[in-house]
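Enquirer: Sequence first, predicted coordinates after that:
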Amino acid sequence: MKVVKENAGALTNFEVLDFLNSRGASKDTTRVIAPIARSEYKVYDYLVETAACTQTRESVNRFAEKCKDFKVAKAEILNIINLRPSSIVELTPILEDLDNREGEVDSNGILELVNDLLPPLPTTESHKKNDEEETENGEES
Amino acid sequence: MFYLSELEHTLRVPPHLLNLPLEDAIKLVLQDLFLDKVLAKWKLGLCVSIYDIKSVEGGLVLPGDGAATYKVVFRVIVFRPFVGEVISAKFKESDANGLRLTLGFFEDIYVLVPHMPKPNRCEPDPYNRKQMRWVWMYGEPEEDFIIDDSCQIKFRVESISYPSVPTERSEDAKPFAPMVITGNLNDDGLGPVSWWESFDAITQEESTHS
């Protein structure tokens, strides 16, 4: 094996989820039908629990575009999209060395942008809905 | 967290796959070879999925071989977190050396004692005799924050290492892990998610009162 390009681009969680979805991955219990390996389903199972499950290509692109106005690194933007911080305390660990960048980085502005453009995580409400569905189906474990 | 990497590989497509369209056949071989494998030699991380095939060359049948050999350039999705990235994971186990976290598809994430939230203490877990439990002691008056499997745990990537395959192994050794991530919990906003939900409520209350 030869490595042509070690880094041919970073992917957000959303893009990986979207790729697996496009190949037919779904929450369906009959997982044999889609041509997806078990290890890929493990990744899928992790990703559907994250903020990526409510994001759309449009919202992610717009967010990344708008984020360029703030002085944050690309990797940090990626991390913000993946985690979708909704409060300052969630945002601070993502931004490196925030104390020394106090004047440069407008963390409140970033949070506003997150709120505007990235859909919120499925809340407890939707969890409840899932639970109901599960009991209705009576099959899911 | 995830990256695309472009690779080139010369591979053998066995005759029983040749009834499929060539690209599908090659994809199957590539999946067998790379899926769920850590490309440790090149420090590329864990191969999660075959993304696409860029070019196929050859189709050579080597003397004495019944299979066709192709040179393929393709892209794979790899899981390769960068140092400083914050990832949310689930609790797996904890002992006197620290915590072990899991992402479901990747389970070799360790948080060692120096990276635990400070000040802390380690005590026997009342619910599980085999485990030790870590407790963060914080606030005035001091309050106990227990690290357990009740919710997601956020950690920051401290380092990624690719240990070499050991030549000798003791009987009771853990299964060999080709890629190990060391995490850090010792910062605001890191650790179990539930710790910080209430923290937000408090600060918001304070700000509305003031």
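Expert: Cool, got the structure. Numbering: from 1, shown residues only, chains lettered A, B, ... in the order given.
Enquirer: Would you mark the buried spots in the host helix or strand of A:Glu15?
Expert: Element membership for A:Glu15 (DSSP states H and E) is helix A:13-22. In terms of neighbour count (16 or more other Cβ atoms under 10 Å in any protein chain shown), helix A:13-22 has its buried residues at A:Asn13, A:Phe14, A:Glu15, A:Val16, A:Leu17, A:Asp18, A:Phe19, A:Leu20. Glycine gets a C-beta too; all of them are placed from N, C-alpha and C.
Enquirer: Tell me the one among these nearest to chain B.
Expert: When the buried residues of helix A:13-22 are compared for distance to chain B (Cβ to the nearest Cβ), A:Val16 wins out at 4.9 Å.
Enquirer: B:Leu190 is in contact with B:Phe155, correct?
Expert: Yes. Using Cβ atoms under 8 Å, B:Phe155 is in contact with B:Leu190, at 6.1 Å.
Enquirer: shared neighbours, these two?
Expert: Listed as contacting both B:Phe155 and B:Leu190 by Cβ atoms under 8 Å, 6 or more residues apart in numbering or on different chains are B:Val86, B:Asn184.
Enquirer: show me what contacts the most centrally placed residue in chain B?
Expert: Centroid check for chain B by Cα atoms, centre = their mean gives B:Phe106 as the closest residue, at 3.8 Å. B:Phe106 sits next to B:Leu46, B:Phe79, B:Met179, B:Ile181 when contact means Cβ under 8 Å, 6+ apart.
Enquirer: among these, which are in strands?
Expert: B:Leu46, B:Phe79, B:Ile181 (DSSP state E).
Enquirer: restrict these to contacts with chain A.
Expert: B:Phe79 (Cβ under 8 Å from any Cβ of the partner chain).
Enquirer: related to what we said a few turns ago, please give the element, helix or strand, for the residue nearest to the centre of chain B.
Expert: Using DSSP H and E, B:Phe106 sits in no helix or strand.
Enquirer: Would you quantify the distance from it to B:Val157?
Expert: 12 Å (Cβ to Cβ, to the nearest Å).
Enquirer: residues shared between the contacts of these two?
Expert: B:Ile181.
Enquirer: Can you report how many residues lie near B:Met132?
Expert: A count of nearby residues for B:Met132, using other Cβ atoms under 10 Å in any protein chain shown, gives 16.
Enquirer: residue contacts, it?
Expert: Counting by Cβ under 8 Å, 6+ apart, B:Met132 makes contact with B:Ser94, B:Asp95, B:Ala96, B:Cys122, B:Glu123, B:Pro124, B:Asp125.
Enquirer: what about the third one, distance to B:Glu123?
Expert: Which is B:Ala96. 10 Å.
Enquirer: can stretch A:82-98 be found next to chain B?
Expert: Yes. Judged by Cβ under 8 Å from any Cβ, stretch A:82-98 and chain B are in contact via A:Asn82, A:Leu83, A:Ser87, A:Ile88, A:Val89, A:Glu90, A:Leu91, A:Thr92, A:Pro93, A:Ile94, A:Glu96.
Enquirer: How many residues are close by the residue lying closest to B:Leu185 once chain neighbours are set aside?
Expert: Distance criterion Cβ to Cβ, 6 or more residues apart in numbering or on different chains; nearest residue to B:Leu185, sequence neighbours excluded, is B:Gly191 at 4.8 Å. Residues contacting B:Gly191 under the criterion other Cβ under 10 Å number 23.
Enquirer: Quickly list what B:Gly191 is bridged to.
Expert: With DSSP bridges as the criterion, B:Gly191 is bridged to B:Lys154.
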